[in-house]
Every structure is written in structure tokens, then in C-alpha cells.
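Colleague: Sequence isn't available, so here's the structure alone:
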DNA sequence: CCGCATTTATGAGCAGGCTCATTTTCTGGC
DNA sequence: GCCAGAAAATGAGCCTGCTCATAAATGCGG
């Protein structure tokens, strides 16, 4: 039973490795699920015992990156809310970087609030996690609990930054930094004027 | 030649009509291109002589709605920038309303800045148009020309509102109005503090 | 060791978006 | 009318994500 469990997780790992490699080499669309299965030395059907969807494979790669980003973020001390949010997103972008070329299709479906309508046990756990962290960072700095509208606005801005980053053609994606900076400044400024003011 | 041209545009119109009807009745995914072709009394292949993609059909429906929205918007006089932008987006939402149930898949690909990377002669004409109008509205009210970052931020907020609206479950989508209001207030406030201040 | 149950792997096959070689329809000059 | 060339229509068929009936593999009580 243990041997089998190990083999199973080894297969899963192998799928993720070969998929990442193929996606990086040929892009998301040009990599077929059959390609991945062959490279991982399993049957096509078996692939779908491990991941319910082609997109779920990229999703798993992204989740792993987000976990690493969270660890990185926890080490950073930031004064203002702007700085803390900036650092949070930067940590994620650093981890996403190797996957930048093929992660776009995932971002579209995963960042969109359109995805939120589906049942809550799906992959929007990462969104909930992220928003909880943002809320905690705001509370630590004496902003009240963030309203649903505030969270929605934050998420929109966050999604906008990631989407921009995915296609940012400036040499080192420095344009994304500028956008992120302005986005977080805008959000924090709005929070202070529109919310604290009425507290 | 003229007769033919008329017949061609009649076919196009017929495709759009039956597609809208089928999408409304069964949703975007459940409606196949074969269904549309049968309902329009043409062959599957012919459908793709008129629209290069299934999504392009929804795109054409959306474009028509946007044209009507623009007409509606031109009639509205608004004082502040917030009010003008609010009115602009409201006009679009009113026109999109009949298509709300099936328009979501289109929004994902069309609103995302991810789409901007492709060549500029594609469907992002509507984005350029919209942003030019926003820029004009801002100029009329003595904001300077909007910077690329400002336009990017605006577009992100706009996309966030539309995406929210598409899945808004409040009875009359009144939650969308609140979000739109806050979004535009945030944007206009940021414009004033961050940009005019340094002029 | 041996059935037996449960879990996992397999690949033929389906569905649906889209293509393209072929056929049909149209047009303009004689 | 009639014919050549252009434009449009056609539907068989390709590709690819995904499913599902079937077959192996594994674990376990006796």
C-alpha cells in the first residue's frame, strides 16, 4: 500500500515535470495531452486519472509556485499596506517567472471572477487564500476588515497586473512593476479615503 | 452582384439571429457550430466563411451592442468624470443585458490584456475605441492626456466590472452598480491625486 | 497461496471546432 | 444564350480534449 502510494505520487510528479518541459518548449496549445502522456510513459486515459483537465496540470504547477511564494512572502517585513501588497505580488511573480510563457491560458480562467460562480471546492482555493492574506495584512495595519467590494476591487487589480505581466514585452517586465506599484497605491489610497474616512 | 451581396449579408444576419437564439436557449457551450449551421440552413463549412470562429459570432453580437451603446452614451451629459464613465459603462451593460447568460466566454478572451498581444487588426478595435472615448472624456474635464498606465488601470477596472456583472447573482445586478460606482470613483480619485498633482 | 474486492491503467472511441479539396453558383464578355 | 473564370457553398474528415467499458494490478481475509 505504501509502495503503491509512492508510485502514484511519483507518476504525478513525473507528469508535472514532463508537462512543464513540453509546455516550455512548445507552448500550451501546441502540447497535446497525448504528447504529455507519451512523455510520461502512461496511456492517455491515465493522464486524466491524475488531472481532470489539461488546464488542471498548469494549475498544479501554479499552485506549487504559489506555495513557494507564500513562504517567501512570510519572510518579508513591510511597513505600509502598499509595500506589503507589492511584496506579496512580487513574490508570486518571481515564482511564476519560469512558467510565464505558457501560464496565460490558465490566468484567464483562474483569475476571472467568472470562475467564482462554480462550486467553491474547486481551484478557487488559491483566490480565497490570497484574499485572506490581503485582509490580514490590512488588519495588521489598522484598516478595518475589508468589505466585499474592497476585496473585489483588489482582486480585479491583482488580476490586471498578472494578466499584464504575462504579456509584458518590456525587456525585464519592468513595466509590470510600474503597473503593480500604481495599482497598489491606488487601492491603498482608496481604502484610506473611502473607508477609514467613514469609520 | 448586388443581389448576391444582399444575399450574403442576409445570410450573415440570419446566422447572427439564430446563433443568438440558440445561445440564449441552451448556452454557449451546449450550442455547437453544427447546430447553428443547421438552424441557419447552411453547411458547417459555410458558417466559417462568415465567421472565422465560434467566438467571433458572439463577438459580432457584442460589437453590435457596443455600437448601440455608443449612440446611447452620446446623448448623456455628465458633469464629473466619474459620472461620465459610469454612464458609459451603464450604457454598455444595458445593451449587453439580453446576451448576459452566454457572453461570459467572450469577455474572458476579449477583455483580457492577454489578447492585446495578437496583431492589432483583430477584435481589439473595440478596446481601442473605448479607451479613446475615455481619454476624450477625461480631456474634456481638464485631466491631461491619460498615460498608458492610467489607461491600463482603467481597462482593468472596466474588465473587472463586466466580469462581475456577467455572473452577478443579485436580483437585478445591483451589486454591479455598486462595484462600478466604486471603481470609477477610485479611478477618478487616483487620477486627481497622482497625476494632476504633479502637473 | 488463493479467490475476491477495490483500485488503477488502458486505448478505442466520441464530440465538437475547424479545414480544405471538390462542387455548385454566379458574373461579365462575347 | 453561352462559356470561362471567380466566388461561394459543401460536407467528409482531421485534430485534440476527454470518457468509459474493459483489463490488469494490488491488497487482504482465510
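Modeller: Yes, it's here. Owing to the predicted nature of the structure, the values given are computational and were not obtained by experimental measurement. Numbers count the residues shown, from 1 in each chain, chains lettered A, B, ... in the order given.

Colleague: which element is residue A:166 on?
Modeller: Taking DSSP states H and E as the definition, one finds residue A:166 inside helix A:148-167.

Colleague: Now do residue A:52: how many residues are near it, please.
Modeller: Neighbours of residue A:52 under the rule other Cβ atoms under 10 Å in any protein chain shown: 11. Placement of C-beta: from N, CA and C, glycine included.

Colleague: which residues are in contact with the biggest helix by length in chain A?
Modeller: When chain A is parsed with DSSP state H, its longest helix is helix A:2-26. Outside helix A:2-26, the residues that touch it by Cβ atoms under 8 Å, 6 or more residues apart in numbering or on different chains are A:31, A:35-36, A:39-42, A:46-47, A:50-51, A:57-58, A:60-61, A:64, A:98-99, A:101-102.

Colleague: Just the buried residues of it, please?
Modeller: Going by neighbour count (16 or more other Cβ atoms under 10 Å in any protein chain shown), the buried part of helix A:2-26 is A:11, A:15-16, A:18-20, A:22-23.

Colleague: show me which of these neighbour DNA strand C.
Modeller: Counting by Cβ under 7 Å from any atom of the strand, residue A:11 from those sit close to DNA strand C.

Colleague: okay if I get the buried residues of helix A:2-26 as CSV plus pLDDT?
Modeller: Below are the buried residues of helix A:2-26 laid out as CSV (pLDDT from 0 to 100):
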residue, pLDDT
A:11, 95
A:15, 98
A:16, 98
A:18, 98
A:19, 98
A:20, 98
A:22, 98
A:23, 98
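
Colleague: mind putting the buried residues of helix A:2-26 in CSV, distance to residue A:140 included?
Modeller: Shown next, in CSV, are these (distance: Cβ to Cβ, whole Å):
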residue, distance to residue A:140
A:11, 42
A:15, 39
A:16, 35
A:18, 42
A:19, 38
A:20, 35
A:22, 42
A:23, 37
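
Colleague: ok, so of the buried residues of helix A:2-26, who is nearest residue A:90?
Modeller: residue A:20 (22.0 Å; Cβ to Cβ).

Colleague: Is residue A:172 in a helix, a strand, or coil?
Modeller: Following DSSP: H, G, I helix; E, B strand; the rest coil, residue A:172 is assigned to coil.

Colleague: Can you tell me how far it is from residue A:83?
Modeller: 21 Å (Cβ to Cβ, to the nearest Å).

Colleague: So residue A:180 sits against residue A:90, correct?
Modeller: Yes - here residue A:180 reaches residue A:90: they are 7.3 Å apart, a contact under Cβ atoms under 8 Å.

Colleague: what's the spacing between stretch A:75-95 and its chain's center?
Modeller: Averaged C-alpha coordinates place stretch A:75-95 at 14 Å from its chain's average position (Cα atoms, centre = their mean, to the nearest Å).

Colleague: That one near chain B at all?
Modeller: No - residues of stretch A:75-95 are not located near chain B by Cβ under 8 Å from any Cβ of the partner chain, the shortest gap being 12.3 Å.

Colleague: List the buried residues for that stretch?
Modeller: By neighbour count with 16+ other Cβ under 10 Å, stretch A:75-95 contains the buried residues A:78, A:81-93, A:95.

Colleague: Low-confidence ranges, chain A, go.
Modeller: For chain A, the stretches with pLDDT under 70 are A:1-8, A:113-123, A:195-199.

Colleague: swap the cut-off to 90 and go again
Modeller: Counting by pLDDT under 90, the ranges of chain A that qualify are A:1-10, A:76-79, A:104-125, A:193-199.

Colleague: so which helix or strand takes in residue A:55?
Modeller: Using DSSP H and E, residue A:55 sits in helix A:54-74.

Colleague: quick one: contacts for residue A:80?
Modeller: By Cβ under 8 Å, 6+ apart, the neighbours of residue A:80 are A:141, A:188.

Colleague: Quick one: check stretch A:61-68 for contact with chain B.
Modeller: No - using Cβ under 8 Å from any Cβ, stretch A:61-68 never reaches chain B; the gap is at least 15.1 Å.

Colleague: tell me which residues of that stretch are tucked away?
Modeller: Quick answer for stretch A:61-68 (16+ other Cβ under 10 Å): A:61-62, A:65-66.

Colleague: And for stretch A:38-55?
Modeller: Per 16+ other Cβ under 10 Å, stretch A:38-55 contains these buried residues: A:39-40, A:42, A:47, A:50-51, A:54-55.

Colleague: Can you get me the start-to-end distance on it?
Modeller: Terminal residues of stretch A:38-55 are spaced 18 Å apart (Cα to Cα, to the nearest Å).

Colleague: Report the distance from that stretch to the chain centre.
Modeller: Its chain's average C-alpha position is 23 Å from that of stretch A:38-55, according to Cα atoms, centre = their mean.

Colleague: next one: stretch A:149-159
Modeller: Distance of stretch A:149-159 from its chain centroid, counting by Cα atoms, centre = their mean, is 14 Å.

Colleague: residues touching residue A:189, list them.
Modeller: Residue A:189 makes contact with B:189-190, B:193-194, according to Cβ under 8 Å, 6+ apart.

Colleague: do the same with residue A:40
Modeller: A:11, A:14-15, A:18-19, A:47.

Colleague: Pull up the residues of chain A that are close to chain B.
Modeller: Neighbours of chain B within chain A, by Cβ under 8 Å from any Cβ: A:104, A:107-109, A:112-114, A:116-117, A:149, A:152-153, A:155-157, A:159-161, A:163-164, A:166-167, A:169, A:178-179, A:182-183, A:185-187, A:189-190, A:193-194.

Colleague: What subset of the residues you listed is buried?
Modeller: Listed as buried from the residues of chain A next to chain B are A:104, A:107-108, A:112-114, A:116, A:149, A:152-153, A:155-157, A:159-161, A:163-164, A:166-167, A:179, A:182-183, A:185-187, A:189-190, A:194; burial here means 16+ other Cβ under 10 Å.

Colleague: right, and the pair among the contacts of residue A:40 with maximum separation?
Modeller: By the measure Cβ to Cβ, A:11 and A:19 form the most distant pair in those, at 12.2 Å.

Colleague: rewinding a little: just curious, which of the buried residues of stretch A:61-68 is nearest to DNA strand C?
Modeller: Here the nearest of the buried residues of stretch A:61-68 to DNA strand C, counting by Cβ to the nearest atom of the strand, is residue A:61; it sits at 19.5 Å.
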